[in-house]
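Chemist: Model the following, please.
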Amino acid sequence: MKKIVCLSFVFVCTILSLQAQTTPNFEYDVYGDGIKVEDIKDYSSHELGDLIARKLQAVENIYLLRYETKVGLNNSEIEVQKPDILQSVEKMDKYYKKAVKKQLLSKDEAVSRLSKYLDIAYFVFYEDSAAFERALNKAKKTEDIITIFEQVNLLNYNTKMEARN
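Modeler: This is a model prediction of the structure:
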């Protein structure tokens with residue numbers, strides 16, 4: 001009987017230890033007011049509406065570094081900064097568009113969720129996000145990416161968003 005109790009205790013501790021290792025929380029301080037959508041003028045239309053279109057453009061503006069070159073056929077180069085985050089944002093964008101088309105999610109709910117994740121991507125750009133990027137790199141499915149984004153805690157951001165509502 002003692003062996004069963006001890007083995008059960010070890011088993012439970014091992015599982016809790018593994019869960020703690022596989023579900024890290026990412027905390028980032030937030031400075032400023034975030035994405036000022038009213039300042040974004042040059043953006044493409046989006047199936048989920050103007051807010052998402054503007055926020056996507058803002059995220060792309062900070063993650064894609066464009067510069068002119070004088071050599072070669074193409075006159076410009078684009079460097080992707082923090083590609084794991086940008087690729088994750090693009091996957092979530094496709095995911096939510098499909099979910100709305102298939103009526104698995106309401107448009108308002110998709111906009112709310114994706115808007116939150118775009119805000120996170122915007123704020124995290126300015127932070128040391130190596131652990132967050134590694135976690136996103138390991139994620140194979142969009143659902144896993146969403147789970148990782150849900151683990152982000154933006155300090156001061158949540159307080160600001162609650163005050164706005």
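Chemist: Which parts of this protein are strands?
Modeler: For the chain, strands defined by DSSP state E occupy the ranges 26-29, 64-68, 76-80, 152-155.
Chemist: Return the list of helices and strands in contact with the last one.
Modeler: Looking back up the chat, that one is strand 152-155. strand 26-29, helix 107-124 (3 or more C-beta pairs under 8 Å, 6 or more residues apart in numbering; DSSP states H and E). In short, each C-beta sits where N, CA and C put it, glycine included.
Chemist: any idea which of these is most buried?
Modeler: When these are scored by mean count of other C-beta atoms under 10 Å, the highest mean neighbour count falls to helix 107-124 (a mean of 20).
Chemist: For that helix, give me every contacting residue.
Modeler: Judged by C-beta atoms under 8 Å, 6 or more residues apart in numbering, the contacts made with helix 107-124 from elsewhere in the structure are 26, 28, 30, 34-35, 48-49, 51-52, 55-56, 58-59, 62-63, 82, 85-86, 88-89, 92-93, 96-97, 99-100, 132, 146, 149, 152, 154, 157.
Chemist: how about the CA coordinates for it, as PDB?
Modeler: These are the backbone C-alpha positions of helix 107-124, laid out as PDB (Å, rounded to 0.1, in the frame of the first residue of the first chain):
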ATOM      1  CA  LYS A 107     -17.100  38.000 -36.500                       C
ATOM      2  CA  ASP A 108     -17.100  40.100 -33.400                       C
ATOM      3  CA  GLU A 109     -15.500  37.400 -31.300                       C
ATOM      4  CA  ALA A 110     -12.800  36.800 -34.000                       C
ATOM      5  CA  VAL A 111     -12.100  40.600 -34.100                       C
ATOM      6  CA  SER A 112     -11.900  40.800 -30.400                       C
ATOM      7  CA  ARG A 113      -9.400  37.900 -30.100                       C
ATOM      8  CA  LEU A 114      -7.200  38.800 -33.000                       C
ATOM      9  CA  SER A 115      -7.100  42.400 -32.000                       C
ATOM     10  CA  LYS A 116      -5.800  41.300 -28.600                       C
ATOM     11  CA  TYR A 117      -3.100  39.200 -30.200                       C
ATOM     12  CA  LEU A 118      -2.100  42.000 -32.500                       C
ATOM     13  CA  ASP A 119      -1.700  44.300 -29.500                       C
ATOM     14  CA  ILE A 120       0.500  41.600 -27.900                       C
ATOM     15  CA  ALA A 121       2.700  41.300 -31.000                       C
ATOM     16  CA  TYR A 122       3.000  45.000 -31.200                       C
ATOM     17  CA  PHE A 123       4.100  45.400 -27.600                       C
ATOM     18  CA  VAL A 124       6.400  42.400 -27.500                       C
END
